[in-house]
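Asker: Quick one, fold the following:
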Amino acid sequence: MIRVKTTFILFVFLFFSGIQLLAQEEIGIYVCGITVHGYKDPNAHLMPCKLTNNGVLLLNFGGAAHYKKYFTPRFSLDAIQTMQADCALLFSSGTAVAVGYDIVHYKGHRVIFAIGPGFYIRQSWKRLGDTYDSSQYDFNVSKNEKWEYMFVPVVPHLEYKYVPENSRFGFTCYFIFDPIEQIYNIGAGITYLLKNKQ
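Answerer: Residues are numbered from 1 along each chain as shown. Have a look, this model is predicted:
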């Protein structure tokens, strides 16, 4: 676990170092909202905030910080850090970097598709008792069994952003998909432009 996490942190550090040379563009603060599982979850009984009995739809509590730098009018480099309660209301964190492309770029409206690697870690669900079924997930477990973690090589991210003309503040909603665990996460928040819009 330490080797994977150290490598990923080094990658993120180099990513940030590179975009600092290009100067910052915008930041975002988001509130996590809804998680959708693409299947009936056998651990649904461990999810206090589920909206469906089978654990397909549930609420999440937490936030995310987003850093974006455009290096062309449509291509961007993105860094995302989340901290939230997971589906069992235990601490979890996700870190991702991505290359984004504006599919739609019309006046203040943008629809952005981004893709890149991500690292996810959460408190181990083994602490929840013997009813936890770990066979459904593809997590690695730390030696002390206190943490479960996963490196995901490809994490797609879809974002809608609206920034009114002559304003630096805008509204964003996002949709992140984990193709390995088939988990969708949806949230919304505020974007602030650190430089004049392109």
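Asker: now the strand or helix carrying Met150: mean pLDDT?
Answerer: Here Met150 sits within strand 147-162, counting by DSSP states H and E. Strand 147-162 shows a mean pLDDT of 93.
Asker: elements contacting it?
Answerer: Judged by 3 or more Cβ pairs under 8 Å, 6 or more residues apart in numbering; DSSP states H and E, the packing partners of strand 147-162 are helix 2-22, strand 91-106, strand 109-123, strand 140-141, strand 169-178. No exception for glycine: its C-beta is placed from N, CA and C like everyone else's.
Asker: Check those for me: which has the lowest mean pLDDT.
Answerer: When the helices and strands packed on strand 147-162 are ranked by mean pLDDT, helix 2-22 comes last with a mean of 52.
Asker: What's the first helix or strand after it?
Answerer: strand 26-37.
Asker: That next one pairs with which strands, and in what direction?
Answerer: Strand 26-37 has the following strand partners under DSSP bridges: strand 57-59 (antiparallel), strand 61-70 (antiparallel), strand 183-193 (antiparallel).
Asker: List of residues touching the shortest one?
Answerer: Read that as strand 57-59. Strand 57-59 is contacted from outside by 33-37, 47, 49-52, 87, using Cβ atoms under 8 Å, 6 or more residues apart in numbering.
Asker: Next, the buried residues of that strand.
Answerer: 58-59 (16 or more other Cβ atoms under 10 Å).
Asker: what does the average pLDDT come to for it?
Answerer: Mean predicted confidence for strand 57-59 is 91.
Asker: chain center to that strand: distance?
Answerer: Computed by Cα atoms, centre = their mean, to the nearest Å, the chain-centroid distance of strand 57-59 equals 16 Å.
Asker: Same check on the second one?
Answerer: The gap between where strand 61-70 is centred and where its chain is centred comes out at 8 Å by Cα atoms, centre = their mean.
Asker: quick one on the thing from earlier: can I get the buried ones among the contacts of strand 57-59 as something I can paste into ChimeraX?
Answerer: Burial among the contacts of strand 57-59 is assessed by 16+ other Cβ under 10 Å; the matching ChimeraX selection reads:
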select :33,35,36,37,47,50,87
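Asker: Columns pLDDT and distance to Trp125 on top of the contacts of strand 57-59, output as JSON lines?
Answerer: Output for the contacts of strand 57-59, formatted as JSON lines (pLDDT from 0 to 100; distance: Cβ to Cβ, whole Å):
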{"residue": "Gly33", "pLDDT": "81", "distance to Trp125": "22"}
{"residue": "Ile34", "pLDDT": "90", "distance to Trp125": "20"}
{"residue": "Thr35", "pLDDT": "90", "distance to Trp125": "15"}
{"residue": "Val36", "pLDDT": "91", "distance to Trp125": "19"}
{"residue": "His37", "pLDDT": "88", "distance to Trp125": "14"}
{"residue": "Met47", "pLDDT": "94", "distance to Trp125": "10"}
{"residue": "Cys49", "pLDDT": "94", "distance to Trp125": "15"}
{"residue": "Lys50", "pLDDT": "93", "distance to Trp125": "15"}
{"residue": "Leu51", "pLDDT": "94", "distance to Trp125": "20"}
{"residue": "Thr52", "pLDDT": "92", "distance to Trp125": "19"}
{"residue": "Cys87", "pLDDT": "91", "distance to Trp125": "9"}
